[in-house]
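**Q** All I have is the shape, not the residue letters:
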């Protein structure tokens, strides 16, 4: 098992820049998520770590060794493909044992090892069947088996659950996480599903347009997004932005939103100009007495909670409130925001302004 | 709207069966005619109306493999009784065997040249197709078009230049020359066909193999080649059939050592009257290798080996 560090890694495909100078570290034994919309460069980043693409510039360290320009076969890592990529001309057992046979391990040792792996994955009874007729879940298990059989330094997974049915995905993601905990292997996992990333990951890197937007533990990223993109990409419904023109001094902890004074975490640098006031839907309260007003446009019932869409002077906003609250479309109501959770963004660059609350999180980059 | 697949009724099955059988009969008649003619006596072979039921004779085969000289009754008497069944057959016609014919040699030439060029063509074709399919090749599209363009005129159109070229290079009437020629003609076909097949193989297989510790070349022959077996088999059959049946270049470029069977078979006609049974026997034997080759590879011709291993 190993620590993986990538330093200023960049990848160009001809004139197209897929990954811009990424830097982050994956600690030994971490379940690490590369999260982003499609085309953001997350898969390219993973493939560069695995050696399936060579970086245009920058360094990749696995276990302290620089491997950036080494072929995949010399990196001692395992890769699980979204499409499984089982060798169709071999049966399940042969597929799993392929990397071992390729290393020249003795037949008896291969058999023993494959038996152990099959036991872990619960596929002992299908070892001799061809891979063609297997269900999606079993194919994924075989692909995992082929990855873990070798005790590699790290596992790389490229949307491994993407090809499974939604229902089964839940189950398989639990299985994956349990497998990771059991083997305590460094795992890098690419996904575009923010829920999956939050659920399974120890740490998340959020990428967009080839750049790393934010890097940290799921809770930090959710609570203190570094950019508007992250704030919108993570969370469902996403963070609300109330756009306003205003100023806040160094050390200030109040902003004026449509003539209403809102408390926010103490700003470090201060700002002046077009700003966005970011608040998560669950931190919005409906309070008839509050001075900041909104008109209810729609409600969505979700069981224990409901999502209320409101129209305010600074744009639309969604609030997650208890479904027992009586809300009628067309009503005017007052709104309060939990002041400890507010993030201010520069409306133009999209970057979060540093405050006492998010300072620790933003240091990661 | 929904459709359901209906089970074929007994009637449709019958109709399909009869139709297929009829089609098979129609396509097989010329073949059967050749095989039958090979076993006819010369008289039966040119009888009109054609005889369908006849007394089988091996005369055609004996004539195919032997050179014979006419002998007077005195000479036959002096030679004593026939020692073997084939001596017997020729003596009934008033001839004696003077030696083996060249059919065996020519047939062997066909085997060497046909299979040799097919092998070479497949070896070069798979590697070229793989490179075109997987790597960034400069001017890829132009190169592919150029390769295809070599087939845009009938090969025989360049027969004279090739003849002159071969003569200068000393390739006239050599096995190597014919192998190179047939390989060159077939290569465009094999590159294009195989590229299509290799394009269909998901690249993840090789990537998985690369990560499992194989080199690029090992991944190519351990993972890609087995996956492309279907394509390789069908392409090889096409290449072999062309090289095997090719007549015009063989007539032009070979005469002695490297002559293949196709230009040789017509020469049988001339040696002792119109010996149709011998010609038919030569053709029958000539059919066998391609038939066997196709039958051996037929399981690879069935699609669907890769079905289900990669989800699309």
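**A** It's in. This structure is a prediction, so every number in the text was calculated from the model and none was measured. Numbers count the residues shown, from 1 in each chain, chains lettered A, B, ... in the order given.
**Q** buried ones in the lowest-mean-pLDDT helix or strand in chain A?
**A** Least confident helix or strand, chain A: helix A:359-362 with a mean of 82, by mean pLDDT, DSSP states H and E. Neighbour-count burial for helix A:359-362, with 16 or more other Cβ atoms under 10 Å in any protein chain shown as criterion, is recorded at A:361, A:362. Every residue, glycine included, has its C-beta placed from N, CA and C.
**Q** how about the longest helix anywhere in chain B, does it reach chain A?
**A** Taking DSSP state H as the criterion, chain B has its longest helix at helix B:103-134. No: using Cβ under 8 Å from any Cβ of the partner chain, helix B:103-134 stays clear of chain A, coming no nearer than 12.3 Å.
**Q** picking up where we left off before, for the least confident helix or strand of chain A, packing partners?
**A** With contacts taken as 3 or more Cβ pairs under 8 Å, 6 or more residues apart in numbering or on different chains; DSSP states H and E, helix A:359-362 sits against helix A:218-223.
**Q** What are the contacting residues of the helix it packs on?
**A** Contact with helix A:218-223 is made by A:197-198, A:201, A:203-204, A:206, A:214, A:230, A:234-235, A:341, A:358, A:361, A:364, as judged by Cβ atoms under 8 Å, 6 or more residues apart in numbering or on different chains.
**Q** Can you list which of those are found in helices?
**A** Going by DSSP H, the helices hold A:197, A:198, A:230, A:361 from those.
**Q** PyMOL command to pick out the buried ones of those?
**A** To isolate the buried members of these in PyMOL, using 16+ other Cβ under 10 Å:
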select buried, chain A and resi 197+198+230+361
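**Q** So what's the residue count around residue A:181?
**A** 11 (other Cβ atoms under 10 Å in any protein chain shown).
**Q** I meant residue A:354, not that one.
**A** Neighbour number of residue A:354 under other Cβ under 10 Å is 21.
**Q** Also residue A:14?
**A** 6.
**Q** The chain - how does it break down into domains?
**A** All of this refers to chain A. A:4-223, A:228-362 (automatic domain parsing).
**Q** sorry, should have said chain B
**A** Using automatic domain parsing, chain B is parsed into the domains B:42-101, B:104-301.
**Q** On the three-state scheme, residue B:158 is what?
**A** Following DSSP: H, G, I helix; E, B strand; the rest coil, residue B:158 is assigned to helix.
**Q** Give me the local confidence score for it.
**A** Note on residue B:158: pLDDT of 90.
**Q** Nearest residue to residue A:241 in space, please, no chain neighbours.
**A** Leaving out its chain neighbours, the residue that sits closest to residue A:241 by Cβ to Cβ, 6 or more residues apart in numbering or on different chains is residue A:276, at 4.2 Å.
**Q** what's whatever helix or strand residue A:97 lives in packed up against?
**A** Here residue A:97, judged by DSSP states H and E, is contained in helix A:92-103. Packing partners of helix A:92-103 (3+ Cβ pairs under 8 Å, 6+ apart): helix A:107-121, helix A:136-148.
**Q** which outside residues touch it?
**A** By Cβ under 8 Å, 6+ apart, helix A:92-103 touches A:78, A:86-87, A:90, A:109-111, A:113-114, A:117-118, A:123, A:126-131, A:134, A:142, A:145-146, A:149-150, B:209, B:212-214.
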